[in-house]
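> Test case, fold it:
(2 chains, ligands or ions: 1)
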Amino acid sequence: MKQPNDFSFGEEASLLKDSARKFFAEHLPVESLHRLVAADHNPDRAPEVLWRADLWQQMVELGWTMLAVPERSGGLGMPLVAVAGLVEELGRAAFPCPLLGTLNVSYILAAAGEGADAALQEIIAGKAAALAMTNRHGDWELEHTELRYKAGKLNGSAWFVQDAAKVDYLLAVAQTDSGYGLYWVAADSEGVTLTQDAIVDLTRDQAHISFDNVAAQEISGKALSALTQAFPAIWTLLAADIVGAAEWQLQTTVEYVSTRQQFDRPLGFFQAVKHPLVNVMLKTDQAKSLVYNAACAYDCEPAAAAKYAHMALASASDLAGFASSRSVQYHGGIGFTWECFVHLYFKRQKHSQALWGDASWHRARMAEIVFA
Amino acid sequence: MSESSRNDTAEQAEFRQYCREWLAENKPSDPPVRLPQSALEIMTEPQLEYLQAWQKSAYEAGLVGCDYPKEVGGGGRKDCQRVANAEMIAARTPFLPNVIGLGMAAPTVFYHARDELKQRLLPRLFSGEDIWCQGFSEPGAGSDLASVQTFAERKGDKWLINGHKVWTSLAHFAEWMIILLRTDKSHKYDGLSYFVVPIRSALGKGVTVRPLIKITGETGFNEVIFEDLEVDDSYRLDELGKGWQVAMTTLLHERGAGELQSPRSGGMRSKSSHQISTSTLIDLARNTRRGEGVAADDPLLRDKIMEQMIYEKGFEQNQRRNRVQALTDHPMRLALQNKLLASENAQQISELAMEIAGAGSSLYLSDENAPAGGQWPLSYMNSFGMTIAAGTSEVQRNILGERVLGMPKSK
Ligand SMILES: Cc1cc2nc3c(=O)[nH]c(=O)nc-3n(C[C@H](O)[C@H](O)[C@H](O)COP(=O)(O)OP(=O)(O)OC[C@H]3O[C@@H](n4cnc5c(N)ncnc54)[C@H](O)[C@@H]3O)c2cc1C
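All right, here's what the predicted structure looks like:
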């Protein structure tokens, strides 16, 4: 199959992206976000879960959480390009919520066959979910889980679980006697113990979760094929979040250096400032184009989806680091403070940069495909 | 260290031996509280007290201020501070808290103050009993330092100071401030004068210190407001209108390019302190699991770490070569690179550490599973303090391009 020239980014996708942008700008502009998540600056503070559950409810009512649930299961089954547009806006707003996790889980469930239908119904009913699969070393290989499933019970632990404290369900990836399986577990099940991590990012929460003889519903005994199919979407959406956040960093920094004067000139007059910011733009644009290419491939060129998703996230992960460092540096002293909003995005981007594999990891996986 | 005892003069050799013996006996025990990564992030009294006690004992033993003359409280030695620094760092001592005092105020006061003032101020500065801060930057004057507006108005042999300084590190503990003031509004550079002002004793009486919070969540720098603070003319350094020239002495020393080597200790490794160097990076790579092995086996990371080691070594060897006249063509070419290279080295090492730690780099100080106790994301964030403070990296490159390479001045 060939990709259409317009990425299939149609009117519906465009409307969704616009309405998301308006929703975030109206309900949680950056000043409000800062008040919400950055009230306590103490570097030794205990982890807290700071978000607006009421806004999340509105997002659920808008149907955003079931965008990735296939139509055959009663969801909206929107193409990934449309979902990527929404997530780009989520990143631009650095919005704290379990949307990414819920979408990620939806893609895996959608690829997991009939056994996933009950779980998909929960998502349609507005429940949020997170993926519990990464081991304590933060290893991004799909089969390096520490969880074990035997005789109806889950044991072991999952680490770096994103937005874990905001969700109703966990989708656990566990090893079985015959391979890997997917398991649907209510977050408040008996035997599930969630420990909040103290993280740098103020716009997310993260946890490690131990499973002690947890009764779990098996969704599929063939996790790896579902994960392999779904992960290009997961990588693409994280890249979209990074691109949106980078665009905010770019615009905010450009605005600052166009107004702040030193040596009787706006800072942006100096090429040491101007050229690297243009480079941020070049990298943002490439990453953004690669995101929509990867999303469109997921929708209509599945054979190329993994390769293009690796390209998108490798490029976005590098962008996250570069755009963050430049945004702080060109704000000078003010950019080094807690009161300047730049740090919210800096921290979100540094978190995203390492999530689901960094740029080198994605290039290595991509090389395996290219040189196969 | 590149420091080689083989090349010591007789005085240095004897002093080195003395330092070693003294340090073996007197290195302080681990701190009772978690220490920040550098003196610029000291937040609490207990942190300060512990570090002040260390500085005082090191000073009394003769390891701090050793190259200053005895009359001003120094050790009267020749080129021995380097020796003490190397030995203190090798012995893994805590850092010295009065960094602004030792690194910037001391040489400035020494070269530009009247004798009487030197004798009064320097001993308590060396001992760390008086903490010092630097009041240069203002909201409107950062990179363009010469545009400072804080004004000193003459009233007989007194001056009345009004204005607003910002980003003032350690002002919350400081007795004294070195300050760049405008005494004449009609000349940008020649309208500047340089003073030392007692600020702690004037708190609430013309001086207000308000803490600012850093990107890391730490405190350590402040804004300082002056409202009709009266200071004596005897606190002026050098002549009226010569403030810019005096400030150059401060800046040169701040950037590690001055005549006088500033006292430096550090290297302490305990749960509560952390070294930003390629050797700690290597430790991290050895201890971070990657797939079936460790990060140190990953050829990509090995390449990056080697690249960083080469950078760090090159920086260190620059400092060595800088002391060999036959191998340096331009007197300031290497010295003026110090600040730029040191700060970018710290930034690159910390960034690479976060890459090595991977998902673990998301974890911060109070997380018990955080690699190195969460110090790497902290040092990465703090490294922007280094590439911004004391002349940003962009300003450093302008200086090198213009003063060393002679390219046309941008402004
Ligand atoms: C942690 C920390 C501690 C500090 N401690 C002190 C202290 O104790 N005492 C004190 O007086 N000050 C202190 N400072 C202030 C510091 O010296 C200033 O922040 C610095 O000089 C930059 O000034 P600014 O913040 O106004 O940034 P700006 O000058 O507004 O610069 C913003 C950006 O523009 C760039 N830029 C500006 N001019 C040019 C140019 N001509 N060419 C190219 N690029 C340019 C800069 O490089 C920077 O990236 C501290 C700062 C920090 C971050």
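> near the ligand, which residues of chain A?
A:R260, A:Q262, A:F263, A:L267, A:F270, A:A272, A:V273, A:Q329, A:Y330, A:G332, A:G333, A:F336 (C-beta under 6 Å from any ligand atom). In this view, the C-beta of every residue, glycine as well, is placed from N, C-alpha and C.
> number of nearby residues for A:L202?
24 (other C-beta atoms under 10 Å in any protein chain shown).
> Give me the secondary structure label for it.
coil (DSSP: H, G, I helix; E, B strand; the rest coil).
> How about it: what's its closest non-neighbour residue?
A:V37 (4.3 Å; C-beta to C-beta, 6 or more residues apart in numbering or on different chains).
> separation between the one you found and the ligand?
A:V37 sits 23 Å away from the ligand, going by C-beta to the nearest ligand atom, to the nearest Å.
> Would you state the strands of the chain in chain order?
No chain in the question, so chain A it is. For chain A, strands defined by DSSP state E occupy the ranges A:129-132, A:148-150, A:153-162, A:169-176, A:179-186, A:192-196, A:206-215, A:217-220, A:261-262, A:265-266.
> look at chain B instead
B:132-135, B:151-155, B:158-165, B:176-182, B:192-198, B:207-212, B:221-232, B:236-237, B:289-290, B:293-294.
> tilt between the second one and strand B:221-232?
Spelled out, that is strand B:151-155. 10 degrees (axes from the mean of the first three to the mean of the last three C-alpha atoms, to 10 degrees).
> if we look at strand B:151-155, which residues are touching it?
Identification of contacts with strand B:151-155 by C-beta atoms under 8 Å, 6 or more residues apart in numbering or on different chains yields B:159-163, B:181-183, B:185, B:193, B:195, B:230-231.
> Just the buried ones among those, please.
By neighbour count, with 16 or more other C-beta atoms under 10 Å in any protein chain shown, the contacts of strand B:151-155 hold B:W159, B:L160, B:I161, B:N162, B:G163, B:L181, B:R182, B:T183, B:S193, B:F195, B:V231 as buried.
> Ranking helices and strands of chain B by mean pLDDT, which lands last?
strand B:289-290 (a mean of 92; mean pLDDT, DSSP states H and E).
> Walk me through which strands it pairs with, and which way each runs.
Sheet pairing for strand B:289-290, assigned by DSSP bridges, gives strand B:293-294 (antiparallel).
> just how off-centre is the strand it pairs with within its chain?
37 Å (C-alpha atoms, centre = their mean, to the nearest Å).
> what about the lengthiest helix in chain B and chain A, touching?
As assigned by DSSP state H, the longest helix anywhere in chain B is helix B:299-321. Yes - for helix B:299-321 and chain A, the contact criterion (C-beta under 8 Å from any C-beta of the partner chain) is met by B:L300.
> ok, now stretch B:378-385?
Yes - against chain A, stretch B:378-385 shows contacts by C-beta under 8 Å from any C-beta at B:L378, B:Y380, B:M381, B:F384, B:G385.
> of the residues you listed, closest to chain A?
Using C-beta to the nearest C-beta, B:F384 is the member of these that sits closest to chain A, with 4.9 Å.
> can you pull the contacts of that closest one?
By C-beta under 8 Å, 6+ apart, the residues touching B:F384 are A:S325, A:V328, A:Q329, A:G335, A:F336, B:I215, B:Q347.
> how about 10 Å then?
Each residue near B:F384 by C-beta atoms under 10 Å, 6 or more residues apart in numbering or on different chains is listed here: A:324-325, A:328-329, A:331-332, A:335-336, A:343, A:346, B:214-216, B:343, B:346-347, B:350, B:392-393.
> Same check on A:D168?
Contacts for A:D168 (C-beta under 10 Å, 6+ apart) come out as A:98, A:102, A:122-123, A:125-130, A:186-188.
> Include distance to A:D44 and pLDDT when you put those residues into CSV, please.
CSV is the format used below for the contacts of A:D168 (distance: C-beta to C-beta, whole Å; pLDDT from 0 to 100):
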residue, distance to A:D44, pLDDT
A:P98, 26, 98
A:T102, 31, 98
A:E122, 37, 98
A:I123, 37, 98
A:A125, 39, 98
A:G126, 36, 98
A:K127, 34, 98
A:A128, 29, 98
A:A129, 31, 98
A:A130, 26, 98
A:A186, 33, 98
A:A187, 27, 98
A:D188, 29, 98
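> Spell out for me the PyMOL command that would select the buried members of the residues you listed.
PyMOL command restricting the contacts of A:D168 to the buried ones, with burial defined by 16+ other C-beta under 10 Å:
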select buried, chain A and resi 98+102+122+123+126+127+128+129+130+186+187
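> Now render the contacts of A:D168 as a markdown table, adding distance to chain B.
Listed next are the contacts of A:D168 as a markdown table, based on distance: C-beta to the nearest C-beta, whole Å:
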| residue | distance to chain B |
| --- | --- |
| A:P98 | 17 |
| A:T102 | 20 |
| A:E122 | 27 |
| A:I123 | 25 |
| A:A125 | 31 |
| A:G126 | 28 |
| A:K127 | 25 |
| A:A128 | 20 |
| A:A129 | 20 |
| A:A130 | 15 |
| A:A186 | 25 |
| A:A187 | 20 |
| A:D188 | 23 |
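> nearest to the ligand, of the contacts of A:D168?
For the contacts of A:D168, the closest approach to the ligand (C-beta to the nearest ligand atom) belongs to A:P98, at 35.1 Å.
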